[in-house]
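Asks: Provide a 3D model corresponding to the input given below.
(chains A and B)
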Number of protein chains: 2
Amino acid sequence: MSAEKWSARARAIDSFKVMDLLKRARELDDLGFDVIHMEAGEPDFATAAPVAAAAHAAIEEGRIQYTPAGGIAPLRERIARYYAERYGIDLGPERVLVTPGASGGLLLAFALLAEQGRRFMMADPGYPCNAQFLRLLEARAQRVRVDASTNFQLTAELVREHWDEQTAGVLLASPANPTGAVVPPDEMAAISATVRELGGELIVDELYHGLTYGFDAETVLAVDDQALVLNSFSKYFGMTGWRLGWVVGPADAVAEMEKMAQNLFISPPTLSQRAALAAFEPESIEIFEQRRAEFGRRRDLLVSGLRELGFGIATPPQGAFYVYADASELTDDSFVWCWSLLEEDKIAATPGADFSRFDAERYVRFSYTTGMDRIELALERLARRIRG
Amino acid sequence: MSAEKWSARARAIDSFKVMDLLKRARELDDLGFDVIHMEAGEPDFATAAPVAAAAHAAIEEGRIQYTPAGGIAPLRERIARYYAERYGIDLGPERVLVTPGASGGLLLAFALLAEQGRRFMMADPGYPCNAQFLRLLEARAQRVRVDASTNFQLTAELVREHWDEQTAGVLLASPANPTGAVVPPDEMAAISATVRELGGELIVDELYHGLTYGFDAETVLAVDDQALVLNSFSKYFGMTGWRLGWVVGPADAVAEMEKMAQNLFISPPTLSQRAALAAFEPESIEIFEQRRAEFGRRRDLLVSGLRELGFGIATPPQGAFYVYADASELTDDSFVWCWSLLEEDKIAATPGADFSRFDAERYVRFSYTTGMDRIELALERLARRIRG
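Replies: Below you'll find the model as predicted:
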């Protein structure tokens, strides 16, 4: 088999540009260097004890077999109830689809709505895989350049301005990766109304819900009960390696996605589903809220420290666990700068190139998925680097 | 959102036709009827104790986080070594990609090789999802009707006869679902040579390897080191709900698929990977070999019992855990017959319609994923039904 046999699709799908840098960071770890890891897209906390206990119990009980493709009934019901508890929104379990990670949900949502050859609008910078899912399906991403003037988010005005006959819909992410930016409820309502008026569909990535600081984000479902919502057990619930997420949508859309899920996934991981049931228990939520407060403290420390050092941060990130910092006062090529930061100062951070096709060379994403002491040490190393 | 907004792709992807029947079977269970379940596509055994113990230990050790997209290094190495132990074939771990189920492997293999608009040849009857993966990618299945005259498998001759300019390659499954048929090594070599001569690519589904009776199946890698091989921890290793599989291929193809896996899956389930390491231990293999012997006894009982009752079984299934029985002496519509079998005799079996576009009404798939006593009871109920 030679590479010329590979599909155009395969060749077009990018790897994360940061992969070589990540590999080098691990090499430096193994060589005994004290690398500060600020590149990760996952919480640094262990699985919460009640979740681990539920997993142990599920293994003890015996057979770990296939489940219905849309997830076990108690989990669908529990997620539906969470919307009542957290957002005051009534959902039936038939509107919830449990997926293998939010990645599985994103594939199903696009497979449902992104016709071959059509485009989904999304903000640039953004999560790099979104466009790759569309490429897999022979649809395309329509990247709209956003900046600090709209808090790095799409607006109803931008949606209208960029809409064309190839546009099938809009994907929003709120809070967003890499900026942590949240779309305010009134703007979300305006975007939804605009998308509907233009005859399109709306998908909202709410993966970082729960990880907002000083306020709770509102779900799009409060203003648009026809939207598809993506969520995950990876971020707020801290279950990355368990690979479990969910989609909320209109019941008939969920049934249609479940039909595809039968074929594509058979079922989400069974043990993860059983464990996830415990994630909604009060003792688990208490743990997650403590972690959220810790993330908030880290954010404040990192934002103020980076600003003092000359990084541009127009609005402090409202959610997620990233600071997308403008490093243009310090470098005109953040990719080269990040490599040098790793080799010389042993700090691993992600250059903008993975998130953007525009202005990427200005930006660096720092994750605050490491402890306060480590963030302080990183700021000291950065100060030495910048101030000499 | 209205159904007219759904993509042509979504509308074209079928649900399993048996889903309503499965649902009814579960209803009858809940109503207290003694339903004999012969419809399942998964072993009825619990997770092997050493695998369960390894999962407990992994949870105890702490963080269950993302892994490399292609799987943890020890598991890639262990799978590679398994090829040396079991088949006498030397592989480096860079030729092994760990996937979220064999479903994940199938998506990656087709995404790599099935260009939009082109077709992959496969036997009909076959595993119904294969065609749906291709549809997702805007490629297509090229179904070739096979029957007892070629043991329900493609041959080199059939491949050559049906090849056209839209054909990108061939997907073989050996042992196959639903027939349990195995492609003999010389025919596998001939098919491989023919596919290569015609400029195509070969993917071989070896998911049921290990579950052959009276002999060990040979891997295609013995005759074709450029083929992509799909395998799974679900069948021989009995880990269905853990959702873990693997692909073996040329190192550069594996790297290309890993790049896509980063985007599409992030990583396979972490706990499942840690648990799967224990599946290769001698005490696990001993358990799996005992189960294989038990499947063999069940197969013999079911095949002889069905034949006595007038079902046509040209060649007893050589592998997997299914009998694909010709019921044309008993009915001219196996779909209706299966419903009646469930309602009247409380036996759940799968009609041919899920596996075939041709002759489907003649066939019924009986799984022997239930104990000897249950198979005996099923044969008694069938005898009463047929002989009155």
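Asks: and residue A:183, how far is that from residue A:23?
Replies: Remark: distance between residue A:183 and residue A:23 (C-beta to C-beta, to the nearest Å) = 35 Å. Where you see a C-beta, it was placed from the backbone N, CA and C, and this is true even at glycine.
Asks: and for residue A:209?
Replies: Remark: distance between residue A:209 and residue A:23 (C-beta to C-beta) = 32 Å.
Asks: ok, the two, which is more surrounded?
Replies: Set side by side, residue A:209 and residue A:23 give different neighbour counts by other C-beta atoms under 10 Å in any protein chain shown, the larger being at residue A:209 (24 against 11).
Asks: now the closest residue to the more buried one other than its chain neighbours, what's its secondary structure?
Replies: Leaving out its chain neighbours, the residue that sits closest to residue A:209 by C-beta to C-beta, 6 or more residues apart in numbering or on different chains is residue A:217, at 5.3 Å. In the three-state summary, residue A:217 is assigned as coil, counting by DSSP: H, G, I helix; E, B strand; the rest coil.
Asks: what residues are up against residue A:217?
Replies: Residues in contact with residue A:217 (C-beta atoms under 8 Å, 6 or more residues apart in numbering or on different chains) are A:174-175, A:182, A:206, A:209, A:319.
Asks: can you check residue A:30 too?
Replies: With contacts defined as C-beta under 8 Å, 6+ apart, residue A:30 is in contact with no residue.
Asks: out of the helices and strands in chain A, which is least certain?
Replies: Within chain A, no helix or strand scores below helix A:19-30, which has a mean of 88 by mean pLDDT, DSSP states H and E.
Asks: now do that one: distance to the chain's middle.
Replies: Mean C-alpha position of helix A:19-30 versus that of the full chain (C-alpha atoms, centre = their mean, to the nearest Å) differs by 23 Å.
Asks: cool, stretch A:98-113 as well?
Replies: Once both centres are worked out by C-alpha atoms, centre = their mean, stretch A:98-113 turns out to sit 13 Å from its chain's centre.
Asks: wait, does it make contact with chain B?
Replies: Yes - using C-beta under 8 Å from any C-beta of the partner chain, stretch A:98-113 reaches chain B at A:100-101, A:103, A:107, A:111-113.
Asks: the top helix by length along chain A: which residues count as buried?
Replies: Across chain A, the helix with the greatest residue count (assigned by DSSP state H) is helix A:282-308. By 16 or more other C-beta atoms under 10 Å in any protein chain shown, the buried positions in helix A:282-308 come out as A:284-285, A:287-288, A:291-292, A:294-296, A:298-299, A:301-303, A:305-306.
Asks: what helices or strands is the next helix or strand after it leaning on?
Replies: Next along the chain after helix A:282-308, taking DSSP states H and E as the criterion, comes strand A:322-326. Using 3 or more C-beta pairs under 8 Å, 6 or more residues apart in numbering or on different chains; DSSP states H and E as the contact definition, the elements that strand A:322-326 packs against are helix A:282-308, strand A:363-367.
Asks: for residue B:227, find the nearest of those.
Replies: Among the helices and strands packed on strand A:322-326, strand A:363-367 comes nearest to residue B:227, with 40.2 Å by C-beta to C-beta.
Asks: how much distance is there from that closest one to the middle of the chain?
Replies: A distance of 15 Å separates the centroid of the chain from that of strand A:363-367, by C-alpha atoms, centre = their mean.
Asks: check stretch A:46-66 too.
Replies: Chain-centre distance of stretch A:46-66: 25 Å, with C-alpha atoms, centre = their mean.
Asks: backbone dihedrals for the closest residue to residue A:148 other than its chain neighbours, please?
Replies: Distance criterion C-beta to C-beta, 6+ apart; nearest residue to residue A:148, sequence neighbours excluded, is residue A:314 at 3.7 Å. Residue A:314 has phi and psi values of phi -60, psi -60 when expressed as degrees, to the nearest 10.
Asks: which residue is the nearest non-sequential neighbour of the residue of the stretch 101-250 of chain A found nearest chain B?
Replies: As assessed by C-beta to the nearest C-beta, chain B sits closest to residue A:241 within the stretch 101-250 of chain A, at 3.1 Å. Nearest non-adjacent residue to residue A:241, counting by C-beta to C-beta, 6+ apart: residue B:270, 3.1 Å away.
Asks: for the residue in the stretch 251-388 of chain A that chain B sits nearest to, grab the count of nearby residues.
Replies: Among the residues of the stretch 251-388 of chain A, residue A:270 lies nearest to chain B; the distance is 3.2 Å by C-beta to the nearest C-beta. For residue A:270, the neighbour count with other C-beta under 10 Å is 23.
Asks: wait, doesn't it sit right on residue B:241?
Replies: Yes - with contact taken as C-beta atoms under 8 Å, residue A:270 and residue B:241 are classed as touching, separated by 3.2 Å.
Asks: shared neighbours of these two, which are they?
Replies: Shared contacts of residue A:270 and residue B:241, counting by C-beta under 8 Å, 6+ apart, come down to A:64-67.
Asks: between the strand or helix carrying residue A:378 and strand A:363-367, how many degrees?
Replies: Secondary structure here is read from DSSP H and E; on that basis residue A:378 sits in helix A:372-387. Using axes from the mean of the first three to the mean of the last three C-alpha atoms, to 10 degrees, the direction of helix A:372-387 lies 160 degrees away from that of strand A:363-367.
Asks: what's the average pLDDT for helix A:372-387?
Replies: The predicted model gives helix A:372-387 an average pLDDT of 97.
Asks: again with stretch A:299-312
Replies: For stretch A:299-312, mean pLDDT rounds to 98.
Asks: ok, and what's touching it?
Replies: Under C-beta under 8 Å, 6+ apart, the answer for stretch A:299-312 is A:213, A:313, A:316-317, A:321, A:323, A:325-330, A:364, A:366, A:368, A:372, A:375-376, A:379, A:382-383, A:386-387.
Asks: name the nearest of the shared contacts of residue A:270 and residue B:241 relative to residue B:128.
Replies: residue A:66 (15.2 Å).
Asks: returning to what we had before: distance of the residue nearest to residue A:148 relative to residue A:172?
Replies: Computed with C-beta to C-beta, the distance linking residue A:314 and residue A:172 is 19 Å.
Asks: who has more neighbours, those two?
Replies: For residue A:314 against residue A:172, the residue with the higher neighbour count under other C-beta under 10 Å is residue A:172, and the figures read 25 against 13.
Asks: and what about that one, helix, strand or coil?
Replies: Secondary structure of residue A:172, per three-state DSSP, is strand.
Asks: re the thing from before, mind listing what the residue of the stretch 251-388 of chain A closest to chain B touches?
Replies: Here residue A:270 is in contact with A:58, A:64-67, A:72, B:241-243 (C-beta under 8 Å, 6+ apart).
Asks: for residue A:255, same thing?
Replies: Shown in contact with residue A:255 (C-beta under 8 Å, 6+ apart): residue A:94.
Asks: cool, residue A:74 as well?
Replies: residue A:277.
Asks: doesn't it fall inside a helix?
Replies: Yes - when the secondary structure is assigned by three-state DSSP, residue A:74 falls within a helix.
Asks: which positions in the stretch 201-350 of chain A make contact with chain B?
Replies: A:201, A:226, A:228, A:239-243, A:249-250, A:252-253, A:256-257, A:259-260, A:262-272.
Asks: put the alpha carbons of stretch A:149-168 into CSV.
Replies: What follows is stretch A:149-168 as a C-alpha-only set of coordinates in CSV (Å, rounded to 0.1, in the frame of the first residue of the first chain):
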residue,chain,number,x,y,z
SER,A,149,-13.8,43.0,19.5
THR,A,150,-16.5,40.3,19.8
ASN,A,151,-14.8,38.4,22.6
PHE,A,152,-13.6,35.8,20.1
GLN,A,153,-17.2,34.6,19.5
LEU,A,154,-19.6,34.7,16.5
THR,A,155,-22.4,37.3,16.8
ALA,A,156,-25.8,37.4,15.0
GLU,A,157,-24.4,40.1,12.8
LEU,A,158,-21.3,38.0,11.8
VAL,A,159,-23.5,35.0,11.1
ARG,A,160,-25.8,37.1,8.8
GLU,A,161,-22.8,38.8,7.1
HIS,A,162,-21.0,35.5,6.3
TRP,A,163,-24.0,33.3,5.5
ASP,A,164,-24.2,32.0,1.9
GLU,A,165,-26.1,29.4,0.0
GLN,A,166,-23.5,26.7,1.0
THR,A,167,-24.0,27.4,4.7
ALA,A,168,-26.0,24.6,6.4
